[in-house]
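Visitor: got a structure for you, letters missing:
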């Protein structure tokens, strides 16, 4: 069982995933800082000094901090945009697949039926 685990953990996919998780965590810290320290103040400046993190409303004893949700959505959109740009760049660098030329199409059903009809008329 231990040998199977060693084989599993040594596969390239598992190592790639581990590296991706570590880099993703570090990237999340960068995006969080960018949103909290740069983007939200700019949006607040344009929107008249609105600080999203302070937006909330109360309902009974519950306090709903919907401003934090807005910050999370902004962070998500930034991460999604950056991932999109990375995938697009990687796809551009990958060699293009050369498709084999399509084989000529055979006769259609109508052509076959017409040929059969011509042969039957000859008999």
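Guide: That came through fine. Note that the coordinates shown come from a computational prediction; the quantities given were computed from them, not determined experimentally.

Visitor: and residue 40, how many neighbours?
Guide: Residues lying near residue 40 (other Cβ atoms under 10 Å) number 21. Just so you know, the C-beta spots here come from the backbone N, C-alpha and C atoms, and that holds for glycine as well.

Visitor: just the element for it, please.
Guide: helix 40-46 (DSSP states H and E).

Visitor: what residues of that helix count as buried?
Guide: residue 40 (16 or more other Cβ atoms under 10 Å).

Visitor: show the average pLDDT along the very next helix or strand once past it.
Guide: Later in the chain than helix 40-46, the nearest helix or strand by DSSP H and E is strand 57-59. Averaged across strand 57-59, pLDDT comes to 87.

Visitor: ok, residues contacting strand 57-59?
Guide: 63, 64, 66 (Cβ atoms under 8 Å, 6 or more residues apart in numbering).
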